[in-house]
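Asker: Please find the sequence and the predicted model below.
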Amino acid sequence: MQFHELCLRNTSGSVCPKAKEIGWNTTNCSLNTVFLEADDWGELKRKIGENREEADMLIFEGGDEELNRKACETSKLDILLHPEKDRKDSGLNHVMAEAAADNNVAIGLDFTQLEESGKGRMHVLAHWRKNLKLCEKYNAPYLITTGAKERHQLRGPRELKALIDSLGHSGRKAVSEVPGQIIDRAERSKIDENVRPGVEKK
Amino acid sequence: MKHLPPTLREDQRYLKFKVHSEEEIQFPEVVESIWDAALGFLGEKGLSSADPWIMKNLYDSSKQIGVIKVNSKTEDDFRASLAFIDSIDRYKAFVTVEQVSGTIKSLEGLNN
């Protein structure tokens, strides 16, 4: 099985070699990854427009209910990371999950959300459970990532897989299949024969 | 006490783990952080079914490699709990599983 880590927040220094060493086959160090943050839809739309052409992968850091929904309804985004961040609910509902499946926006589970132990961690895991259930029902893609900024925040791929498995869902999809599809898509959109980036000739 | 016959014994998995950190870390600290993480994630009930045992004689403090025995049915859960280790004895560290086996003998790179 090939393991892919797509949301490393620091793609320079010693993080990438270390990630390779502990078992990740591909990391986003070789890809041009852009993390987007926005307060309203206008700002997000502008940022998507500015970055879509050069970036291989666009990741939106969610958390706001309205923006989570907009992100799911935009086919130009690749990943909606941590929709449950700073929220009291899981940040995702059946409408968004269905839209995410239609537009191929992967729901990203960010391991750095679990840093706070105890009650906070329990709530995030409970939100993950709900989100994974929705994703499975509507066939929306989901993936898990360490989101590491520094070396000690990295984790092994099989440990993350085991975490999703122990929540009762497919860890294989989350560390291997869905990230693999995103990489394929990013590579296909770079081919020169395309009409324009991301649009293939018939 | 008489041994249980092999058919009645629970299946075990031996996990060869490696500690990644800047400093060399000794066995007692590793044990403490693994127990803390596993208790936190699985709880007392979950951990009782995992029935882990961290083997003292197989810990190599220069290579930072050791072996944990767990019940084979709860291997995934226990493994997930290892991901929650973020520091050991005030040093930033994490733990990865290098190899899984049903017998200690077939684990590679140990001193015995």
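Answerer: Ah, there it is. Residues are numbered from 1 along each chain as shown, chains lettered A, B, ... in the order given.
Asker: And the residue nearest the centre of chain B?
Answerer: The centre of chain B sits closest to residue B:68, judged by C-alpha atoms, centre = their mean, with a distance of 2.9 Å.
Asker: Please report phi then psi for it.
Answerer: phi -120, psi 140 (degrees, to the nearest 10).
Asker: Look up which residues are beta-bridged to it.
Answerer: residue B:15, residue B:54 (DSSP bridges).
Asker: which other residues reach stretch A:23-41?
Answerer: For stretch A:23-41, contacts defined as C-beta atoms under 8 Å, 6 or more residues apart in numbering or on different chains pick out A:2-9, A:11, A:15-16, A:19-20, A:44, A:47-48, A:51, A:54-61, A:64, A:66-67, A:70, A:77, A:81, A:156-158, A:179, A:183, A:186, B:96. Every C-beta, even on glycine, is put in place using the N, C-alpha and C of the backbone.
Asker: among those residues, which ones are buried?
Answerer: Restricting the contacts of stretch A:23-41 to buried positions leaves A:3-9, A:15-16, A:19, A:44, A:47-48, A:51, A:55-61, A:64, A:67, A:70, A:77, A:81, A:156-158, A:179, A:183, A:186, B:96, with burial counted as 16 or more other C-beta atoms under 10 Å in any protein chain shown.
Asker: and chain A, which of its residues are near chain B?
Answerer: A:18, A:22-23, A:111, A:114-115, A:117-118, A:121, A:150-156, A:158-160, A:162-163, A:165-166 (C-beta under 8 Å from any C-beta of the partner chain).
Asker: Just the ones of the contacts of stretch A:23-41 in strands?
Answerer: Counted as lying in strands by DSSP state E, out of the contacts of stretch A:23-41, are A:4-5, A:57-61, A:81, B:96.
Asker: Out of these, the closest to residue B:73 would be?
Answerer: Each of those was scored against residue B:73 by C-beta to C-beta, and residue B:96 proved nearest at 22.0 Å.
Asker: how much space is there between the closest residue in space to that closest one that isn't next to it in sequence and residue B:107?
Answerer: Nearest residue to residue B:96 in three dimensions, chain neighbours excluded: residue A:156, at 3.6 Å (C-beta to C-beta, 6 or more residues apart in numbering or on different chains). For residue A:156, the distance to residue B:107 equals 17 Å [C-beta to C-beta, to the nearest Å].
Asker: now residue B:36, what's its secondary structure?
Answerer: Three-state assignment for residue B:36 (DSSP: H, G, I helix; E, B strand; the rest coil): helix.
Asker: Any idea what the nearest residue to residue B:23 once chain neighbours are set aside is bridged to?
Answerer: Using C-beta to C-beta, 6+ apart and skipping residues adjacent in sequence, the residue nearest residue B:23 is residue B:91, 4.9 Å away. Taking DSSP bridges as the rule, residue B:91 bridges to residue B:88.
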